[in-house]
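Engineer: predicted model and sequence below, questions to follow.
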Amino acid sequence: MTLTTVVIAGARLVRLAPVDLVIVVFYFVLVLAIGFYLKGRSNTGEDFFLAGREMTAWIAGLSFLSANLGALELMGWAAAAYQYGILAAHWYWIGAIPAMLFLGIVMMPFYYISKTHSVPGYLKLRFGESSRALSAISFAFMTVLMSGINMYSMALVMKVVLGWDINFSIWVSSITVAVYVTLGGLRSAIFNEVLQFILIWAGALLIPILGLVEVGGFRALQAQVARNASAEYTHLWSTLGSFSDNPMGIHWTGIVFGLGFVISFGYWTTDFLVVQRVLAAKDLRSAKMAPIIGAAFKMFVPFIVILPGLLALALLPMKLTGEGAAVASGGHSYNEVLPLMLARYCGPGLLGLGITALIAGFMSGMAGNVSAFSTVWTYDIYKALIKKNATDAHYVLMGRWSTVLGVLISIGTAYLVMQFLSIMDYVQALFSFFIAPLFGTVILGMLWKRATAAGGFWGLLAGTLSSVGMWAWVKVDPAALRYVALSSHARDMAENMYRGLWSWIICVVVTVVVSLMTKPKPDSELNGLVYGVTDIPAEAQVAIYQRPAFWAVAVAVVFIALNIIFW
Amino acid sequence: MRSGGSISIWFFIGISLLVNGLLILGAGIYEVVRPPENPVVLFQVHANVWWGALLAVVGAIYCLRFAPSRDGAGG
């Protein structure tokens, strides 16, 4: 299937009124104005790549969450909720909250105290140049692919909802992101991400509110979903005892260990796209609080993403299908859930705000990817491997040019994103290639002082290659699914969870074995990098309600309650 | 956060909410006066009127609280 066929098959859902267009145009004007306003504040490397390290916990926390709240969240998970029911909420709760709290309380001190510019930069300090190069190159590759996913999703929304030309949508949003990130660097990206976070909530919150009013409340929603699909669609845990008992074809072990541990911890603690926002915090306490604030808001994102998917399952008169079937039948695909619900409830004005929310989500995701790519390219590839001793001004200039380059490569990759059942399945596959093994390397590096440079490098390489190998194995021989995912009933997402788990285990085992066979660094070289040999500033002088640990416990209590309520 | 003693991010957010809120409120009032031929589902609750008003009020509060001229405004 090509983009052209998608465009031809789709008919526009709505026509924007003049007031809607004014709202959309006003958004573009505002984000560009912020970029121009901040252009004089990004002259040094510290300013351009780390926003001067002066963000408050709230700004860093909202930006941390907003950078993740892109196409992936808004379109992909609403689609996943329609396909798999409330099981999709696992990616917001067990698949995010424990990892975000762990980042804030346990890992952030090492990232922050080491004063690294990036996650690959931490690997350089801990394991040496080879581990940094491997991680930087794989991260850069993943980042531009992710950015391409964002662009594809955005263009799809514009095509479905407005009938806009797909190329027009891609180029207008891309150029806007390129301009404001190139001008203002990470500071501009963070400013706009916070703005986008607010707009996403302002534009998307009405859908679940009005949906619940129409269906008659949550109990009525559960009953209607049971009639239209299955009662299993509204239970988080009770159907996970067997692979064949739930819509996702996954076992609870895959959710807890594959998603809740490996994939989630890998993404939220080592993906530089999100970690970069926290590194911009003004002090260690803010850096520790930022992921906790992000986690508190993350718990409620399912209200604007998962709930609309379930409401669509209950209320939409038509049956949504996969992308291929939708093209063949002239119907609508899963990925159109959110625009369809938007068109259902939003009249002039609100529709413009809803469309702006979607565009904002796509642009925050894209800006997050591009700014992270620019930093890793400049510091961990260009400076490390190509030009070591240039001036700070030279690297800032390279950062600006690599922002433009990243956008151009992303545009190219947007046309490759059509291979999987849904957008999210594709992203999950990417995560398990790179992120799961990286988490193994970073966590051993931070918590085990015996881990050596050779162990870190070979573990990371073995984990990444084994992940790609398992993916290729199932592609060539689908029967291999029973070995990789422990069941022939497993669906794409379940396969990704288990592949991530195996690649993490392989990474850890290889790292441990090689480390035990090679000579470790002396403790004096690990200060600021490893637990047990690092002096972390105490917080005894701060009131208990100001301590990150207090709020982490509060968030954890709400997280547990939500899982019990929707069991 | 303030950018070197200048404009807070929250002021930009206030501007955005205020302008969007007023536009949505205006569109909502227009629809009350002249109902559309093909109304959206739950048109009768006039979501654009109360949602637009809410956004405008919140935006106005943020604009005043974080106006560049106010000392100590920050975020």
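Structural biologist: Structure's in. What do you need? Source: prediction; values computed, not measured.
Engineer: in the stretch 451-567 of chain A, what residue lies closest to chain B?
Structural biologist: Residue nearest to chain B within the stretch 451-567 of chain A: residue A:546 (17.5 Å; CB to the nearest CB). All C-beta spots, glycine's among them, are computed from the backbone N, C-alpha and C.
Engineer: dump the residue contacts of residue 47.
Structural biologist: I'll assume chain A. For residue A:47, the contacting residues are A:41, A:185, A:187, by CB atoms under 8 Å, 6 or more residues apart in numbering or on different chains.
Engineer: meant chain B actually
Structural biologist: Residue B:47 neighbours (CB under 8 Å, 6+ apart): A:206, A:210, A:345-347, A:350, B:28.
Engineer: isn't residue A:268 up against residue A:278?
Structural biologist: No. Between residue A:268 and residue A:278 no contact is recorded; they are 10.3 Å apart, counting by CB atoms under 8 Å.
Engineer: now for those two: what residues contact both?
Structural biologist: A:103, A:291.
Engineer: next helix or strand past the lengthiest helix in chain B?
Structural biologist: If you go by DSSP state H, chain B has its longest helix at helix B:9-33. Sequence order places helix B:47-65 as the next helix or strand after helix B:9-33, per DSSP states H and E.
Engineer: buried sites along that following helix?
Structural biologist: B:47-49, B:51-53, B:55-56, B:58-60, B:62-63 (16 or more other CB atoms under 10 Å in any protein chain shown).
Engineer: ok, so of these, who is nearest chain A?
Structural biologist: Closest approach between the buried residues of helix B:47-65 and chain A, by CB to the nearest CB: residue B:48, at 4.8 Å.
Engineer: list the contacts of that closest one.
Structural biologist: By CB under 8 Å, 6+ apart, residue B:48 lies in contact with A:346-350, B:24-25, B:27-28, B:31.
Engineer: nearest spatial neighbour of it, skipping sequence neighbours?
Structural biologist: Closest residue to residue B:48 apart from its sequence neighbours, by CB to CB, 6 or more residues apart in numbering or on different chains: residue B:28 at 3.3 Å.
Engineer: in contact with the one you found, which residues?
Structural biologist: The neighbourhood of residue B:28, defined by CB under 8 Å, 6+ apart, consists of A:347, A:349-350, B:46-52.
Engineer: report pLDDT for residue A:1.
Structural biologist: Turning to residue A:1, the model gives it a pLDDT of 30.
Engineer: swap in residue A:537?
Structural biologist: Per-residue pLDDT puts residue A:537 at 76.
Engineer: rewinding a little: can you lay out the buried residues of helix B:47-65 as JSON lines showing pLDDT?
Structural biologist: Compiled in JSON lines, these are given as follows (pLDDT from 0 to 100):
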{"residue": "B:47", "pLDDT": "93"}
{"residue": "B:48", "pLDDT": "91"}
{"residue": "B:49", "pLDDT": "94"}
{"residue": "B:51", "pLDDT": "95"}
{"residue": "B:52", "pLDDT": "95"}
{"residue": "B:53", "pLDDT": "96"}
{"residue": "B:55", "pLDDT": "96"}
{"residue": "B:56", "pLDDT": "97"}
{"residue": "B:58", "pLDDT": "96"}
{"residue": "B:59", "pLDDT": "96"}
{"residue": "B:60", "pLDDT": "96"}
{"residue": "B:62", "pLDDT": "94"}
{"residue": "B:63", "pLDDT": "94"}
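Engineer: residues of chain A that sit close to chain B?
Structural biologist: A:17, A:19, A:22-23, A:26-27, A:30, A:34, A:37-38, A:41, A:54-56, A:58-59, A:187, A:191, A:194-195, A:198-199, A:202, A:206, A:210, A:213-214, A:343-350, A:352-353, A:356 (CB under 8 Å from any CB of the partner chain).
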